[in-house]
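> next comes the sequence, and after it the predicted model I'd like to discuss.
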Amino acid sequence: MQRPDYAQAVQIRASRVVAIAIIAAAVAALSNCSRISYAVVNGPAHVGWYDRKANIAYGKESRQALDVYAPVGAFNRPIVVFWYGGIWTKGAKEDYRFVGAALANAGYVAVLPDYRLYPQVRYPTFVEDGALALKWAHEHAAEIGGSPRSLFLMGHSAGAHIAASLALDPRYLQNVGGSTSWVRGWIGLAGPYELEKRIPLLDEIFRAPYTSADWQPVLLAREHAPPALLLQGTDDYIVRVKEAVHLDQKLRAVDVPVECHIYDAVDHFKVVSALSVPFRGDAPSLQDVSRFIDRIVGADESVYLPCPNFPDLDQAAIGIDPHPVARLDDLQRIAIELGDRGHAHDDAPQRDLRGHLVEDHGLRRRAGEAAGVEHAGPARRALRARANENPVLEADTAQLVTRLDDRAEHRIHPAPA
């Protein structure tokens, strides 16, 4: 595929702007139709510097097929295998072209598999299909421009359950001749990690002889599991916020690196539709996914922010009252760069910084962005401004700034070219 000349590039950019404008204008009128809504989020995905190969078989069954999205000229890039949701009864990889395009345009090779659904199959067959798709990605990594040493799992809703099951239960990959050591990390968007059979349909999908000990990822947390990134919206009335919070806590209890972001005013679908160009203002899902992958590929594991501790985790969704006065991105970077991962510290200044983070969950939207050298100056100024407001911080400002300088060299490395 040849890169166009300047005139062609201008025309392509103009066409892209027009397409996005038309799509954005149609969103309100079309939001009640799920099929057309997929057309809305997928519209911009047809433009981008990536190659798409569709309907590649990874098994013998008709739904054991996948699509590959790769940056043009990709070589040795991280691979992200993404499973969509649909309560294990519906869904098609074509509906999630916007996910493949977003990941490919961000520099990753995206693999989007279909998998068998109920009533054709029941648990755990769809997870077993996921293991076969991952095995295919590992074996064909070089052919699709990826690296078999940089495999990431990602899923939304039921797809996040598949990704979590593969990452946390070694039996699935062992049964296809693989290993969880293939997995560098996994990403769950609004996943049902404490799956309970609250509706009759789930009684049919998840049946004996299997129990919650098999299908609840929160009960599968284990030492040496791959690092995890959990993304969840507060306005999700399908999957409870506490499911991400509890899995975050379980993984941390066994020293598994895990990062968790709770997005204010984001519902169940917006957490994934935010990967589509017109909707990226809804949530920083793509930025958080990219930072997570790049940090691991760059071997910098210094930044993992936990879920906040909500006062009532039994609510189906929890609204957050933002505090705009505390929205200081540089303050957030400082707290993160000081190694504040939500653990108990005796250091009063760090407790104060952590308190502002807990009070204002908007700061967590960019959690995981390390303070590189280019951010050191603004970070110092923000810290001093906060110190002037709080006498507890003032005494230790110099020490904290010094520690920020010491850690600045450990900023996130980009993915290998």
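Sure, I can see it.

> how about the strands in the protein?
All strands of the chain, identified by DSSP state E, fall at 50-57, 65-71, 77-83, 109-113, 146-156, 183-189, 228-233, 258-263.

> residue contacts, the residue nearest to Gly178 when sequence neighbours are not counted?
Leaving out its chain neighbours, the residue that sits closest to Gly178 by C-beta to C-beta, 6 or more residues apart in numbering is Lys135, at 5.2 Å. (Glycine included, C-beta is placed from N, CA and C.) By C-beta atoms under 8 Å, 6 or more residues apart in numbering, Lys135 lies in contact with Tyr58, Leu173, Val176, Gly177, Gly178.

> in this structure Leu132 contacts Arg63, no?
No. Look at Leu132 against Arg63 with C-beta atoms under 8 Å: they stay out of range, at 11.2 Å.

> which one's more surrounded, those two?
Neighbour totals were compared for Leu132 and Arg63, and Leu132 leads with 22 against 17 (other C-beta atoms under 10 Å).

> still on that earlier bit, distance of the residue nearest to Gly178 from Gly146?
14 Å (C-beta to C-beta, to the nearest Å).

> now Val72
For Val72 relative to Gly146 (C-beta to C-beta), the value is 14 Å.

> and the two? Which one has more around it.
Taking neighbours as other C-beta under 10 Å, Val72 and Gly146 compare with Gly146 leading, 26 against 13.

> wait, doesn't Ala70 sit right on Asn76?
No. Using C-beta under 8 Å as the test, Ala70 is too far from Asn76 to be in contact (11.5 Å).

> those two: which has the busier surroundings?
Ala70 (24 against 16).

> so where's the protein shaky on pLDDT?
Flagging of the chain using pLDDT under 70 yields the residue ranges 1-36, 299-305, 308-417.

> kindly state the domain boundaries assigned to it.
50-297, 324-410 (automatic domain parsing).

> mind giving me JSON lines with the ones you listed and columns for distance to Cys307?
Converted to JSON lines, those look like this (distance: least, C-beta to C-beta, whole Å):
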{"stretch": "domain 50-297", "distance to Cys307": "4"}
{"stretch": "domain 324-410", "distance to Cys307": "8"}
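
> can you get me a residue count around Ser179?
The tally of other residues near Ser179 (other C-beta under 10 Å) stands at 11.

> start the count at 9 instead of 1 going forward.
All set: I'll call the first residue 9, so the last point we hit is now Ser187.

> still on that earlier bit, overlap in contacts, Ala78 and Asn84.
Gly153, Gly154.

> with just CA atoms, put stretch 238-251 into CSV.
This file holds the C-alpha atoms of stretch 238-251, laid out as CSV (Å, rounded to 0.1, in the frame of the first residue of the first chain):
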residue,chain,number,x,y,z
LEU,A,238,-9.6,-2.7,34.4
LEU,A,239,-11.8,0.0,32.9
GLN,A,240,-15.3,0.6,34.2
GLY,A,241,-18.0,3.3,34.1
THR,A,242,-20.0,4.6,37.0
ASP,A,243,-23.2,4.7,35.0
ASP,A,244,-23.0,1.0,34.1
TYR,A,245,-26.3,-0.6,35.1
ILE,A,246,-25.4,-3.9,33.5
VAL,A,247,-22.2,-4.7,35.3
ARG,A,248,-21.7,-3.4,38.8
VAL,A,249,-18.8,-1.1,39.6
LYS,A,250,-17.9,-3.3,42.6
GLU,A,251,-16.9,-6.1,40.2
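
> filter the contacts of Lys143 down to the ones in helices?
Leu181 (DSSP state H).

> from the contacts of Lys143, which would you call buried?
The neighbour-count test (16 or more other C-beta atoms under 10 Å) marks Tyr66, Leu181, Val184, Gly186 as buried among these.

> how about the contacts made by Ala141?
Tyr66, Gln72, Leu74, Val89, Val119, Pro121, Tyr123.

> and the gap between it and Leu227?
Distance from Ala141 to Leu227, by C-beta to C-beta: 24 Å.

> ditto for Val280
Distance from Val280 to Leu227, by C-beta to C-beta: 25 Å.

> kindly report the same for Ile170.
For Ile170, the distance to Leu227 - C-beta to C-beta - is 16 Å.

> so the two - more neighbours on which side?
Legend: neighbour count by other C-beta under 10 Å for Ile170 and Leu227, higher for Ile170 (32 against 17).

> surely the more buried one and Glu136 touch.
No. Contact between Ile170 and Glu136 fails when scored by C-beta under 8 Å: they sit 9.8 Å apart.
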